[in-house]
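In: Here is a sequence together with a model predicted from it:
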Amino acid sequence: MLNKKTRKLLQSLRLKLDQEEARRLSPFACLSRQAVRRKNEPKIAEGHRQQFALDADRVLHSKAYSRYIDKTQV
């Protein structure tokens, strides 16, 4: 478990990332904070990582994706 000071720091980091994303991307872009999940996972919602970053890590570390490591397309 994280202490209050660490949790507050991580939440401020996520807020800054969300603000930077909104500033840099097009007004028509889908922002990470607008992501919709099938299952509501409180740990993810309260976490410091952005939604799309979690999705990218899930794909990159999945078994299905790891099968493509030594493959090339010609």
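Out: Ah, there it is. All values derive from a computational prediction rather than experimental measurement.

In: count of residues packed around K39?
Out: Neighbours of K39 under the rule other C-beta atoms under 10 Å: 5. To be clear about C-beta, it is placed using only N, CA and C from the backbone, and glycine gets the same treatment.

In: gap between it and A45?
Out: Going from K39 to A45 by C-beta to C-beta, to the nearest Å gives 11 Å.

In: Let me know the helix or strand that R49 is in.
Out: Using DSSP states H and E, R49 falls within no helix or strand.

In: same deal with K5?
Out: helix 4-24.

In: Any buried residues in that helix, and which?
Out: Going by neighbour count (16 or more other C-beta atoms under 10 Å), the buried part of helix 4-24 is R14, L17.

In: what separates the nearest residue to D55 once chain neighbours are set aside from Q73, distance-wise?
Out: The shortest distance from D55 to any non-neighbouring residue, by C-beta to C-beta, 6 or more residues apart in numbering, is to A35 (7.6 Å). According to C-beta to C-beta, A35 and Q73 sit 29 Å apart.

In: Quick check: nearest residue in space to Q51, chain neighbours excluded?
Out: In space, Q51 is closest to A35, 3.6 Å off (C-beta to C-beta, 6+ apart).

In: List the residues that contact that neighbour.
Out: Q51, F52, D55 (C-beta atoms under 8 Å, 6 or more residues apart in numbering).

In: burial of the second one, as a residue count?
Out: It stands for F52. Around F52 there are 15 residues (other C-beta under 10 Å).

In: do the same with the last one
Out: Number of residues near D55 (other C-beta under 10 Å) recorded here: 13.

In: Work out for me the element it sits within.
Out: Going by DSSP H and E, D55 is in helix 51-60.

In: where does the protein dip in pLDDT?
Out: 1 (pLDDT under 70).

In: repeat that for 80
Out: 1-2, 44-46, 72-74 (pLDDT under 80).

In: on that earlier part again, now do the helix holding D55: which elements does it pack against?
Out: With contacts taken as 3 or more C-beta pairs under 8 Å, 6 or more residues apart in numbering; DSSP states H and E, helix 51-60 sits against no other helix or strand.

In: Right, I'll call it a day here.
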